[in-house]
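Peer 1: Generate coordinates for the sequence data below:
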Amino acid sequence: MYWCKIARTEAEFDAIAKLNYETFVEEIPQHEKTTTGRRVDPFHNENTYVIVLKESTIVGMIALREQRPFSLDIKIGKVEEFISDLGKACEIRLLAVKKEYRNGRVFFLLARALADLCHEIGYDSAVISGTTRELKLYGQLGFQAFAKPVGAGDAVFIPMVTTRRTYEQSVAARLQTKKALFHPGPVQLTKELAAPFGELPLSHRSAAFQSVYKEVKEQLVQLTDAQPYMLNGSGTLANEAMLGQVKRLQGKGIVLVNGEFGRRMVRQAKRWQLDFEVMEKPWGDPFSCEEIKQKVADGSFCWMIMIHGETSMGMINEVDKISSLCCQYNIKLCLDCISSFGAVPLSLKDIWLATAVSGKAVGTMSGLAFVFANHPIGPDSLLPA
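Peer 2: Residues are numbered from 1 along each chain as shown. The predicted structure is shown next:
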């Protein structure tokens, strides 16, 4: 199984450095050998790496960046001196595929994913330093030379450019139709999941609808060990409903933050005018139970909110130990499981409240928001209807 993603973890960056060394030091003598067996690109912190994995192993990569000067600017002078209408441009570099996977499939996966990402960002053109050994390959992506070759020996490169229009007319674009998505949603529905949406709708007042509704709730209980409450809306709405219940506690809380969705929760909690403190870690760093214990040991907190699947950093936050800690100090733990529900096994029986949606890892149509509870939730006339 091959799949594409944007590299984000330290393990992925280490594998990229290794493939970079194998390709551009050992195979193409562009840089001097070292004892580390790894080469970190000088523009590493500015690069966005698109990678192809076979299961969990990186077998291909390519990088893009838009900060100037490009490496090509440094080699030949400002690119605009050769091309008059670049528009919003990026530079594509470090195309590398492991030797045993150079059968075309990995390359075209990279090409399609890269093209979709560039289209998503809004680039009008892209430039490369194309090795003379792969001119046919670059031509299949719509690249054309625009300046004389640079370099010497086995490391001769040709400045090349492609635009959105020339790529769309290229061999690579014609061969691949499935687009790569670099956001958590919307998901691409299978034929089986899409089929019911082509049927006549059921009235929500009908017995048939109530039967389906009951079946869905039973399946959600089996998946989570918690009671589901379903709303028409987004994950943001699910979080609003959860925060409304937290507001009823009339006590002080703590919000754990180690990524963008933790910060979103802070913004939502402020709008509810909740009394809380923020415990923030550097993005991607796991929470320390010992640090949390020191924070809550005085008994001043009655609730805690954390993100389970922090997709801004591609990580799952540890819940079991924090849940046990909350039970020890009589703290009601709430989870944002919007991006993790359906992706990893979940038991919410010890979680006071948790949120999820239908349109992400569950793999179906967007539009349903879930709030799970390990206790009955009654009506409250002080909350929004």
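Peer 1: all contacts plus neighbour counts: C-alpha atoms, from now on.
Peer 2: OK.
Peer 1: Give me the helices and strands touching the host helix or strand of Tyr21, please.
Peer 2: Assigned by DSSP states H and E, Tyr21 belongs to helix 10-21. Under the contact criterion of 3 or more C-alpha pairs under 8 Å, 6 or more residues apart in numbering; DSSP states H and E, the helices and strands touching helix 10-21 comprise strand 57-65, strand 89-97.
Peer 1: Indicate which one of those strands is closest to Ala113.
Peer 2: strand 57-65 (10.0 Å; C-alpha to C-alpha).
Peer 1: what comes into contact with that closest one?
Peer 2: With C-alpha atoms under 8 Å, 6 or more residues apart in numbering as the test, strand 57-65 has contacts from 12, 15-16, 46-53, 90-98, 101, 106-107, 110, 114.
Peer 1: what comes up buried for that strand?
Peer 2: Within strand 57-65, the residues that qualify as buried are 58-65, counting by 16 or more other C-alpha atoms under 10 Å.
Peer 1: Nearest to Ala207, out of the helices and strands packed on helix 10-21?
Peer 2: Using C-alpha to C-alpha and comparing the helices and strands packed on helix 10-21, the one that lies nearest Ala207 is strand 57-65, at 49.9 Å.
Peer 1: Okay, buried residues for the helix or strand just after the closest one please.
Peer 2: Using DSSP H and E, the helix or strand that follows strand 57-65 towards the C-terminus is helix 71-76. Of all the residues in helix 71-76, those buried under the rule 16+ other C-alpha under 10 Å are 71-72.
Peer 1: and the residue nearest to Met61 when sequence neighbours are not counted, how many neighbours?
Peer 2: Of all residues beyond its chain neighbours, the one nearest Met61 is Ile51 (4.3 Å), with distances taken as C-alpha to C-alpha, 6 or more residues apart in numbering. Ile51 is surrounded by 27 other residues when neighbours are defined as other C-alpha atoms under 10 Å.
Peer 1: Let's test this: mean pLDDT of the helix or strand that contains Ile51, rounded?
Peer 2: Mapping Ile51 onto the secondary structure by DSSP H and E places it in strand 48-54. Mean pLDDT, computed over strand 48-54, is 94.
Peer 1: Just the CA atoms of it, as CSV, please.
Peer 2: Provided in CSV are the C-alpha atoms of strand 48-54 (Å, rounded to 0.1, in the frame of the first residue of the first chain):
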residue,chain,number,x,y,z
THR,A,48,7.5,21.5,2.7
TYR,A,49,8.2,17.9,2.0
VAL,A,50,5.7,15.7,0.2
ILE,A,51,6.5,12.0,0.8
VAL,A,52,5.3,8.7,-0.4
LEU,A,53,5.3,5.8,2.1
LYS,A,54,4.9,2.1,1.5
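Peer 1: Provide the contact partners of it at residue level.
Peer 2: With C-alpha under 8 Å, 6+ apart as the test, strand 48-54 has contacts from 1-7, 58-65, 106, 109-110, 113-114.
Peer 1: Show me the domain layout of this protein.
Peer 2: Under automatic domain parsing, the residue ranges defining each domain of the chain are 2-175, 191-373.
Peer 1: can you list those in JSON lines and add distance to Pro384?
Peer 2: Written out in JSON lines, the entries for those read as follows (distance: least, C-alpha to C-alpha, whole Å):
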{"stretch": "domain 2-175", "distance to Pro384": "37"}
{"stretch": "domain 191-373", "distance to Pro384": "8"}
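Peer 1: Mind checking those domains for the one nearest to Ala385?
Peer 2: domain 191-373 (10.0 Å).
Peer 1: that older thread, can you tell me which of the domains of the chain the model trusts least?
Peer 2: Note on these: domain 2-175 shows the lowest mean pLDDT, a mean of 88.
Peer 1: how far is that domain from where the chain is centred?
Peer 2: Its chain's C-alpha centre and that of domain 2-175 lie 21 Å apart, by C-alpha atoms, centre = their mean, to the nearest Å.
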